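Enquirer: Got a predicted model here, sequence first, then my questions.
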Amino acid sequence: MLYNVPLPGVTGVTGMFRNVGAVKNNGFEATVAVDILKGGDWNWNVSANIGVNRNKVTELYGDKSEIVIANANSGILGPIDKILKPGEDVDTWYATEWAGVDPETGSPLWYTTNEAGERVTTSNYSDASKHQVIVGKQTPDFYGGFSTDLSWKNIDLSAVFGYSVGGQIFNYDRTVYDSDGGYTSYNQQKLLSGWSRWEKPGDIATHPKAEYGNLSQSNKPSSRYLEDADYLRLRNLTIGYTLPCKIPYISNFRLFFSGENLFVISGFSGIDPELPSNTDIATGKKVAGASGVASSPYPMARKFMFGLNVSF
């Protein structure tokens, strides 16, 4: 299990990859294809695939009990931590646990651990951040895609979908735009359906009271900004028409329209739930452990194409 181990800057480098432990992976992939209609004017087939992967850390170098990966190894201050711990997923989130909003005061709440070892709530982020816990994992439960090809006489249609179910990603953008007034130079994020802002005592809300220059630290890294990474994306849709008439010296003449990334269905509040893997959000370089942090990634472009296929 390779990990970028930090080194003193006086050595000339800030870190190097080392084998710090062992991890076990297991899973399966399956594909199925069915011809629903075949022959005559109609032809229709459907195919689908699914992938499942489970992993867990089995041991750490030197019999360490855990290794906390600060800032998800992202290279900048602010993002959430990860933890390497025997028995846990290698992409396990480790953070201050969000407890919601105090209905009487509108203050943010987090969980902390008292002297008796009990989990209790506090509005003091500094206290809560000393008692971080495992709050989820990035690894999806399963993922894959499905496609269909349909034709009727000279008209054909094909569609390709991709999906992922389970896992969580950290929406770093929200720590800035959804800061409850903490960052006054940014436009505040619009509350989505199901979100609500505390306004008066007794309100049961998802968001603390908003204040200009908010000093409550409500936007500090915590499980508040972990969001489900589920999505369904239409990767490609193509519609074509083959001219039935014969053209001299041409055996086939087909016109088509194709669209890529036409829509994505997801509850994620950021730009795109399908993040580039293992990318340092500060430098753009590939780094182990930086995956799962969303910070204004350039969204997948939506493309529309017209074309023709000619066979002589």
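Expert: Structure's in. What do you need?

Enquirer: Look up how far L255 lies from the residue in the chain sticking out farthest from the centre.
Expert: Relative to the centre of the chain, the most outlying C-alpha is that of P248, 52.8 Å out, by Cα atoms, centre = their mean. Separation of P248 from L255 (Cβ to Cβ, to the nearest Å) stands at 18 Å. For glycine as for every other residue, the C-beta is placed from the backbone atoms N, C-alpha and C.

Enquirer: The residue nearest to N219 when sequence neighbours are not counted: which element?
Expert: Leaving aside its sequence neighbours, N219 sits nearest to S179 (Cβ to Cβ, 6 or more residues apart in numbering; 3.9 Å). Under the assignment given by DSSP states H and E, S179 is not contained in any helix or strand.

Enquirer: Can you list phi and psi of S179 for me?
Expert: Phi and psi for S179, reported as degrees, to the nearest 10, are phi -100, psi 10.

Enquirer: surely it meets Y186?
Expert: Yes - under the criterion of Cβ atoms under 8 Å, S179 makes contact with Y186 at 7.4 Å.

Enquirer: These two: which is more packed in?
Expert: Using other Cβ atoms under 10 Å, the more surrounded residue of S179 and Y186 is S179, with 20 against 11.

Enquirer: re the thing from before, enumerate every residue touching the residue nearest to N219.
Expert: By Cβ atoms under 8 Å, 6 or more residues apart in numbering, S179 lies in contact with 186, 188, 214, 218-219.

Enquirer: now with 10 Å?
Expert: S179 makes contacts with 186, 188-189, 210, 214, 216-220, as judged by Cβ atoms under 10 Å, 6 or more residues apart in numbering.

Enquirer: number of nearby residues for Y183?
Expert: By other Cβ under 10 Å, the residues close to Y183 number 16.

Enquirer: Quick check: it is in a strand.
Expert: No - applying DSSP: H, G, I helix; E, B strand; the rest coil, one finds Y183 to be coil, outside a strand.

Enquirer: What strand or helix carries the residue nearest to it when sequence neighbours are not counted?
Expert: Excluding the flanking residues, the one nearest Y183 by Cβ to Cβ, 6+ apart is V176, at 5.5 Å. According to DSSP H and E, V176 maps onto helix 174-177.

Enquirer: Could you list the buried residues of whichever helix or strand comes after that helix?
Expert: Downstream of helix 174-177, the first helix or strand assigned by DSSP H and E is strand 226-228. Using 16 or more other Cβ atoms under 10 Å as the test for burial, strand 226-228 gives 226-227.

Enquirer: which residues touch the residue nearest to Y183?
Expert: Neighbouring residues of V176 by Cβ under 10 Å, 6+ apart: 78, 182-183, 185-186, 188-189, 219, 295-296.

Enquirer: so where's the stretch 151-300 of the chain uncertain?
Expert: In the predicted model of the stretch 151-300 of the chain, residues 276-290, 296-297 satisfy pLDDT under 70.

Enquirer: now do 80
Expert: With pLDDT under 80 as the threshold, the stretch 151-300 of the chain has low-confidence stretches at 187-188, 245-247, 249-250, 275-291, 295-299.

Enquirer: what about the longest strand in the chain?
Expert: For the chain, the longest strand by residue count, based on DSSP state E, is strand 42-60.

Enquirer: how long is stretch 118-125 end to end?
Expert: With Cα to Cα, to the nearest Å applied, stretch 118-125 spans 17 Å between its terminal residues.

Enquirer: Helices along this structure, start to end?
Expert: Here the chain has its helices, by DSSP state H, at 125-128, 174-177.

Enquirer: Format the ones you listed as JSON lines; extra columns: distance to G106.
Expert: Formatted as JSON lines, those follow (distance: least, Cβ to Cβ, whole Å):
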{"stretch": "helix 125-128", "distance to G106": "15"}
{"stretch": "helix 174-177", "distance to G106": "18"}
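
Enquirer: I'd like to know how far Y241 sits from S179.
Expert: Going from Y241 to S179 by Cβ to Cβ gives 52 Å.

Enquirer: what's the answer for Y231, then?
Expert: From Y231 over to S179 the distance is 25 Å, taken as Cβ to Cβ.

Enquirer: And P6, by the same measure?
Expert: Distance from P6 to S179, counting by Cβ to Cβ: 29 Å.
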